[in-house]
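[1] give me a 3D structure for the following:
(chains A and B)
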Amino acid sequence: MRKKIKVIEVDEVVVKFAGDSGDGMQLTGSQFSDTSAFIGNDLSTFPDYPSEIRAPQGTIAGVSGFQVHIGHTEVQTPGDLADVLVAMNPAALKANLKWLKKGATIIIDIDNFDNKHYKKAGYIEDPLGDGSMEGYSVVKAPITQLTRSTVSDFGLDSRMAEKTKNQFVAGLLYWLFNRDLKIGENFLKDKFKSKPDLVKANIAVLHAGYHYAETIEAMATTFLVNPAKKGKGLFRNITGNVATAWGLLAASERSGRPLYLGSYPITPATEILQELAKMKHLGAVTFQAEDEIAGICSAIGASFTGSLAVTTTSGPGLALKSEAIGLAVITELPIVIVNVQRGGPSTGLPTKTEQADLLQAIYGRNGESPCIILAASTPANCFKFAYEASRLAIEHMTPVILLTDGYLANGSELWKIPDTKDLPPIEPPLVEDDDPTYLPYKRDPEKLSRYWALPGQKGLRHRIGGLEKADVTGEVSHDPFNHEIMVMTREDKVKRVARRIPQQAIIGKETGDLLVVGWGGTYGALLSAVKELQADGRSISLTQFNYIYPLPENVETIFSNFKKIIICELNRGQFATYLRSELPQFPYLQYNKVQGLPFMISELKRKFTQILEGKKDEY
Amino acid sequence: MNIETEELELSYKDYKLDQPVKWCPGCGGHAVLSAVQKALPETGIEKEKVVFVSGIGCSSRFPYYINTYGFHSLHGRGAAIASGIKVANPNLSVWLVTGDGDSMAIGGNHFIHILRRNINVNILLFNNKIYGLTKGQYSPTTPLGSITKTSPDGTIESPFLPGELAMGAQGTFYARVVDTDPKMIKDVLVEAANHKGTSLVEILQNCIIFNNQVHSEITGKEVREDNQIYLEHGKPMIFGKNRDKGIIQVGQKFLVAKIGENGVRKEDILIHDAHNPDDTRHYMLSRMSLPDYPVAMGVIRACKSNVYEDMLHKQISLSKTREKVKNVNELLKSGNVFNIQ
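    Residues are numbered from 1 along each chain as shown, chains lettered A, B, ... in the order given. Purely as a prediction, here's the structure:
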C-alpha cells in the first residue's frame, strides 16, 4: 500500500537535471518535459551542455544539464532558479548549487559521492558534511547501485546497464510529481523502437526508481502541477531548431518552390540541417557542403533555378558567408540565411547563447549591401519567422537573415500546432515563358523587386552576376550614375518591406514611465519581468522586436510615449547602437549581459525597479 | 538524371550574343568561345537548358559573351554555385568556366569537392599559368622559378597539375586541349557534355599580354605534332609528324619508343583505355611532360561512376513512396502531440 504522503499543488516548478555528458540527463529531461506536456502543463526547457562530447568524467567541465520549467500558469522561460536539482555526481552539484531556490530539493546519486569524485569536482571537503547543504532537502539515493541490481538479469553489457540509470532518476521524478508511469513507458518504447531489450530494461529501472521513492520516507511531500489553461487543441513540445526547419518546409509547400538547404555543420545550428535531411519525403533537398561558403553559394545557385534556398549557420559561419550574401544582394536572388547565434568572437562559446551577431548581420558586408533582418523570439515562433523570412525573401527577391540563438535553438516550449492553410500566402514573382517584356532588372513598381526567370524557361535567357548591372537591361555597367541608381534602388527595395510587415506591438500601456525594448530570444525573460512589475502596479511596458531591418513604421510613435527607454540585450549594446543611428532623437538606457547565459527575470526586475524608482545606475 | 535531348536544328548563331567580347585581341579565350558555340548545337541539348557559371578572372567573363542562362559569381566559388544549380535542377546542362587562379587557388576546396561528388557539371579550366585580370602575378600552375610581378626573383613553389588534382579527387572525366586547336576543343567538349558526372577539360590557353607563348613548346606549329599526343579511347598511343612514335610501358614506367627501332612493333604500343575505372595510367598520362614525353591531349579519362544528383533524387523519390507523412500539416501532427481538451 502506498503511504500517505502530503501532496502540494503548485502553480509552477523548475527542475534541473545535471550529470556527466554521458549520464543521459538530456534524455531524462526531454522525457519529463514530454510527460508534463502530455498532461497539459505549459512548459519551457533549456539544455545546457559542454562543447566537448565527453569531457573528463566527474569534472565541472563535463557537466551536462537540462532545465525544465512546467506550469499550471503560463510559462515564459526555463526559470531562473530550480526547485528540484538532480545531481548525478559532486561536479553537477557544485556547478548548480548557486542556481537553486532556497529550500530546494536536491536528489543525488550517493554512489558517486566519494573522495575520488570530490577531488575531480574540486571539492576540498565533503560538501554533504561541511554545512553547505543546509537549508536544502537532500535525497541521497544509491542510484548507480540500485540500477545495477535492477538490470542484472537483463543481459546488458555494463556500459548499457550503466546508461539506464537516468531512468531511475525519471522514476523518482514521476513519483515526486505524481505522474503516470505509463507515459514514461510509452516514451521509452518510442525512443528505443528497434531495441526491445533496452525498452524492457529501461522500463524496469523506471519502475525501480518510482518504487524506491515510494518506499523511502526521505521525501515527505510530493507535488502536483495541474494542467495549464492553454486553450483547447493539439499541442506539441518543440525546439527552436526543429521549428525553424519545419517553418522552412511550410514555406516551401505554400510557395510551391522546392526547398534547398546548403549548409555546413556548426553548433548550435546543425540540428536544422539534420532535421531537413530527414525530410526528403517532403521534397527537401539538403546539401552538406565542404564549407560555409559552399553552403551559401550552392544555395544561391539553387535560388537561381527557382528553389526556396536556405543556408544555416552560426556566427563564425555568417562571417564566412558575407561575400556570398553580397552576391545575393546584387543579383537580387531570394535566399534565407539562418544564423543561430552563439557566444563570440571567433569560436567563442559554441554551446552558449548570445546576441552579438546583430551588427554583423545588419552591416557586415562590403559595399552598400542591405538585406532584411528578422529575429525569432521564442523556440516555437522560429516556425513563424522561418516562414516569414522565406515569404519576404521570395516576394521581395532579396536575402533575408533570420537571427535565432542557442537558447531558442535548443530550448523548447509547448506549441499550439497551426494549420498551414492559415499561414499567409507566398507569391513568387515568376515570369511566363517567352514573355517579350522580360528584362533582368525590370521591377515590380510597388515593391521594386525584380522578377524570377528560371533557367530552363523558354525565351528568357539572361545573365546575372556580381558585377554592377545597368538598370532594367541588366547588362554589365560601370557607369557612375547608374551605379548610384542601382545602390539606391536596392536600398529602397528593402526599406519598402516596412510597408508589408506588421506594426510593432506593445505589451502593456502605450504610455508610461519605462519602455523595455528587447529583440529576439530575450522575449520570455523580459515579458515575465515586465508582467510581474505591471502586476505590482508599475508603469512599465515591453516592446520586443522581431523585424529588425527595416524597422516597423510605428516605432517612433511608440518610443515617443515613454519617459525612459531601456534596451536589454545579450551583447554590449548592438541594438542600442543601431537604434541610435535609426532613431537618434531618443535617449536610450541599456542593460547588457555577456555571460553566455540568458537573462534572469530577477536581475531584470531589479534593474527596472531601480530605474523606475529613480535610483542611480550602477554601471 | 538524363537531360532530355532531341533533334534540334540549332547552330552556333543561337549562342551568339550581341555584346562586345572584351578579352584582349589575340587572347586564347576567343577561340574557345567560338568552339563552345559550335559544340553546343552538337550536344542536342535545348538552348534554354544550358547554364554557364563562372567565378572571377579573365576567363570568368565567359557567361557575358554567350547567349545562354549565365551566372558570373564570386572568385573561386563557381563550382559551389554550379553544384547548387545542378543539384536543385538536374534537367539543366551546367557548364563552369574557371581559370587556374580561380579553381586551383581561391576555389581549390570547391574544385576538389565537385569532382569527388561527381556532380554532372562540365568544367572548362582555362590554364594560362598566370593571373591575368590582376595583371601578371604567379598562379598555382606557374612553373617553378618563373619571374612574375610577385616573384621578381622567381617562384619558389611547385605548381599544381590540374589532372593530378582531378584524379586525386576521384574525378571521372579529365581531358586536355589547346586553345590553338578549335576542332580538338569542340570534339572534346561534346564528349564532356555527354559524360555523366563532373567533366574537367583543361584548356592550355595563351595570355598574350602577361604570359605570351607560355604553351608554345606544345602548341607551336613546328613542334606540336612531336610534342603532343592526341589520345583517343581504344586507339594506340601513337604520335609524331611521321606517326612513328608511341608510348610503351616498361615496368612501372612509360617510355617513348620509335616503331621499328629496338624491336618495337606497332602492337607493342599501348592502347588508350579512357574508360578504365583504375586511374593509374590516366594519372601517368596526365603527368607526361617535355622533354622526355609528349604532352597528352584529348580525353585522358572518362569512366562511369555514380552521379551525386541522380542518387540524391533517387533517395527523394524512394522516401516519398516509403514515408507516411505526405505534407506539412501531417508532419506537424506526427509523433508526440498532446490533445488538450
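[2] tally of neighbours for the nearest residue to residue B:79 once chain neighbours are set aside?
    Take residue B:79 and drop its neighbours on the chain: the residue closest to it by CB to CB, 6 or more residues apart in numbering or on different chains is residue B:110, 3.8 Å away. For the C-beta atoms, the positions are set from N, CA and C on the backbone; glycine is no exception. Residue B:110 has 29 neighbouring residues, counting by other CB atoms under 10 Å in any protein chain shown.
[3] which residues touch stretch A:177-197?
    Residues outside stretch A:177-197 that contact it (CB atoms under 8 Å, 6 or more residues apart in numbering or on different chains) are A:7, A:13, A:27, A:31, A:34-36, A:38-39, A:154-156, A:167, A:170-171, A:173-174, A:198-199, A:202-203, A:206-207, A:210, A:222-225, B:336.
[4] list only buried entries from the residues you listed.
    Neighbour counting over the contacts of stretch A:177-197 (16 or more other CB atoms under 10 Å in any protein chain shown) leaves A:13, A:27, A:31, A:34-36, A:38-39, A:154, A:156, A:167, A:170-171, A:173-174, A:198-199, A:202-203, A:206-207, A:210, A:222-223, A:225, B:336 as the buried ones.
[5] may I ask which helix or strand encompasses whatever residue of the stretch 101-250 of chain B ends up closest to chain A?
    Residue nearest to chain A within the stretch 101-250 of chain B: residue B:113 (4.1 Å; CB to the nearest CB). Take DSSP states H and E as the rule and residue B:113 turns out to sit in helix B:108-117.
[6] tell me what that helix is packed against?
    Applying 3 or more CB pairs under 8 Å, 6 or more residues apart in numbering or on different chains; DSSP states H and E, one finds that helix B:108-117 contacts helix A:292-304, helix B:78-88, helix B:162-168.
[7] next, count neighbours for the residue of the stretch 101-250 of chain B closest to chain A.
    Residue B:113 is flanked by 19 other residues according to other CB under 10 Å.
[8] low pLDDT regions in the chain?
    If you meant another chain, say so; for now it's chain A. Counting by pLDDT under 70, chain A has low-confidence residues at A:1-4, A:218, A:616-619.
[9] that was the other one, I meant chain B.
    B:1-8.
[10] for it, just list every one of the helices.
    Counting by DSSP state H, chain B has helices at residues B:28-43, B:78-88, B:100-101, B:108-117, B:162-168, B:182-194, B:216-219, B:224-227, B:280-287, B:308-322, B:328-332.
[11] want to throw those into TSV with distance to residue A:605?
    Listed next are the helices of chain B as TSV, based on distance: least, CB to CB, whole Å:
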stretch	distance to residue A:605
helix B:28-43	69
helix B:78-88	49
helix B:100-101	59
helix B:108-117	50
helix B:162-168	62
helix B:182-194	68
helix B:216-219	79
helix B:224-227	83
helix B:280-287	70
helix B:308-322	50
helix B:328-332	36
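[12] hang on, the earlier thing: pretty sure the residue nearest to residue B:79 contacts residue B:77?
    Yes. Judged on CB atoms under 8 Å, residue B:110 makes contact with residue B:77 at a distance of 6.3 Å.
[13] tell me where the stretch 101-250 of chain B has strands.
    Assigned by DSSP state E, counting those that start in this stretch, the stretch 101-250 of chain B shows strands spanning B:121-127, B:173-178, B:199-204, B:228-231, B:238-239, B:245-250.
[14] any chance of a markdown table for those, columns distance to residue A:181 and mean neighbour count?
    A markdown table is the format used below for the strands of the stretch 101-250 of chain B (distance: least, CB to CB, whole Å; neighbours: other CB atoms under 10 Å in any protein chain shown):
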| stretch | distance to residue A:181 | mean neighbour count |
| --- | --- | --- |
| strand B:121-127 | 57 | 27 |
| strand B:173-178 | 62 | 28 |
| strand B:199-204 | 62 | 26 |
| strand B:228-231 | 73 | 22 |
| strand B:238-239 | 82 | 22 |
| strand B:245-250 | 74 | 18 |
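[15] distance to residue A:483 for those - can I get that in CSV?
    Converted to CSV, the strands of the stretch 101-250 of chain B look like this (distance: least, CB to CB, whole Å):
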stretch, distance to residue A:483
strand B:121-127, 29
strand B:173-178, 38
strand B:199-204, 33
strand B:228-231, 46
strand B:238-239, 53
strand B:245-250, 56
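[16] list the contacts for the residue nearest to residue B:332 when sequence neighbours are not counted?
    Spatial nearest neighbour of residue B:332, chain neighbours left out: residue A:417 (4.8 Å); criterion: CB to CB, 6+ apart. Residues in contact with residue A:417 (CB under 8 Å, 6+ apart) are A:233-236, B:332-333, B:337.
[17] circling back: look up how far residue A:264 lies from the residue of the stretch 101-250 of chain B closest to chain A.
    With distances taken as CB to CB, to the nearest Å, residue B:113 is found 11 Å from residue A:264.
[18] how about residue A:323?
    Note on residue A:323: its distance to residue A:264, by CB to CB, is 15 Å.
[19] who has more neighbours, the two?
    Here residue A:323 and residue A:264 are compared on neighbour count by other CB under 10 Å; more neighbours surround residue A:264, at 23 against 18.
[20] show me the contacts for that one.
    For residue A:264, the contact set (CB under 8 Å, 6+ apart) comprises A:288-292, A:294-295, A:313, A:317.
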